[in-house]
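Visitor: Following is a predicted model, sequence given first.
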Amino acid sequence: MDNIPLGALFGALCFLIILSAFFSGSETGLMTLNRYRLRHLVRAKHKGATRAQKLLERPDRLIGLILLGNNFVNILASSLTTVIALRLGGEAGIAIGAGLLTLVILVFAEVTPKTLAALHPERVAFPAAFVYGPLLWILYPLVWVVNGITNTLLELFGIRREDSSTDALSQEELRTVVLEAGAMIPKRHQDMLLNIIDLEKVTVEDIMVPRKEIAGINLEDDWETSVRQITNSQYTRLPVFRDNIDHVIGFIHLRKILPLLKKDKLDEEMLVNLIREPLFIPENTPLNRQLLNFQHERRRIGLVVDEYGDIQGLATLEDILEEVVGEFTTDPSSSIKDFTADKDGSFLVNGTANVRDLNRDLNMELPTDGPKTLNGMVLEYLEDIPQPGTSLLLSRYPVDIVQTKGNLIKTLRVHVNKRRPDGPLPRH
């Protein structure tokens, strides 16, 4: 070692520091790769991504290899520094050399390469993967021994490599990914993705047409009334029943009967023969499950029933799709608004307005785990039927009762822009 020129020793030391920077930076780069983007690049036949994924399938081997190399070059660099320090300053130079080497390794072989790799993991990890593949093959016996000892020690603490967590995302984590995508996903598409994620949180009870609003054909009516209802209907499918919806027979598709009606060949007997049996849906069925049920049954409409089998409302495939994409402008009922804006910023709202629709259309924050309509929320809150002119705070929104009819609140004024701040509130 005494015969080696100082220039060669300094050159070797610089080379070792570069190798140390490579090991440090590539470790950070490989470990911070976005696993989902990596899988996408693998499917796109990206060679660097393919090699990187193969290495990451056994992270214990990869880490063992990197640390073997990193520790070896750092120890060797420390030895060279000691030799150089002895030549230049004797024993007193060893301490100076150790301090300088620590600073150099910290700045040039640790912080700088790891920061670069954290900011641009793919630019560091993919080229490094081409080096680690052959290097792992060459040093595999040594890596195997090191991993064997390490895994044995971990098992003593009850930790097994097979118990490592997967990359699967929970529902809330997936929601965060979509929200954090920013400009990469257009706002409209982002809303649709979030709606899809939330489908299992919403049941058919939340989106159904209430029982009292179901329009259908009553076979107890005279034939002229039924024909008039068929001709003027804004829907393509209508329930058919006797006397009331509790005695439903099934559904009729207007596409099948309008040609017969036009040719004056339709009568009540033929109408009954064209009826398709009804589909009944439990009211607590999640929308994602009902969407699959509609697909499996090849149906687009069904009647919602409670635990006693009583009909509570009607749900359609279009209602579920609107939860994802928003209201269809071609829907004949879309022009009927449950609210109208006033000059002072308040809204006149129908008592039968759906709470979830109000939250979406007016950017409100009403609770959706209770009554489904604004009328139901007020009645539950007051535990009484209010008189016109009554005012209350409903989920911190000032609400005025404008009009009532019997046991139903027909119209309310909601001051959306005057919501009270957080804090304790009086009940009335």
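Guide: Received it, and whenever you're ready, just let me know what you need.

Visitor: need the helix or strand of the protein with the lowest average pLDDT.
Guide: Within the chain, confidence by mean pLDDT, DSSP states H and E is lowest for helix 171-180 among all helices and strands, at a mean of 78.

Visitor: what residues does that helix touch?
Guide: Residues outside helix 171-180 that contact it (C-beta atoms under 8 Å, 6 or more residues apart in numbering): 169, 185, 190, 193, 194, 197, 200. Where you see a C-beta, it was placed from the backbone N, CA and C, and this is true even at glycine.

Visitor: at 10 Å what do you get?
Guide: 36, 168-170, 185, 189-194, 196-198, 200-201 (C-beta atoms under 10 Å, 6 or more residues apart in numbering).

Visitor: List the buried residues for the next helix or strand after that helix?
Guide: Tracing the chain C-terminally past helix 171-180 and defining elements by DSSP states H and E, one meets helix 187-197 next. Going by neighbour count (16 or more other C-beta atoms under 10 Å), the buried part of helix 187-197 is 190, 191, 192, 193, 195, 196, 197.

Visitor: List phi and psi for residue 276.
Guide: phi -100, psi 140 (degrees, to the nearest 10).

Visitor: shaky segments in the stretch 101-250 of the chain?
Guide: 161-168, 182 (pLDDT under 70).

Visitor: 90 - rerun?
Guide: By pLDDT under 90, the weakly predicted segments of the stretch 101-250 of the chain are 101-102, 133, 136, 139-203, 205-213, 215, 221-236, 243-244.

Visitor: who does the helix or strand hosting residue 36 touch, helix- and strand-wise?
Guide: Using DSSP H and E, residue 36 sits in helix 35-43. Packing partners of helix 35-43 (3 or more C-beta pairs under 10 Å, 6 or more residues apart in numbering; DSSP states H and E): helix 47-56, helix 121-138.

Visitor: Contacts only, for the nearest residue to residue 13 once chain neighbours are set aside.
Guide: Using C-beta to C-beta, 6 or more residues apart in numbering and skipping the chain neighbours, the partner closest in space to residue 13 is residue 80 (4.8 Å). By C-beta under 10 Å, 6+ apart, the contact set of residue 80 is 1, 4, 9, 10, 12, 13, 15, 16, 97, 101.

Visitor: what about 7 Å?
Guide: Counting by C-beta atoms under 7 Å, 6 or more residues apart in numbering, residue 80 makes contact with 9, 12, 13, 16.

Visitor: could you give the mean pLDDT of whichever strand or helix holds it?
Guide: When elements are assigned from DSSP H and E, residue 80 belongs to helix 59-89. In this model, helix 59-89 has a mean pLDDT of 88.
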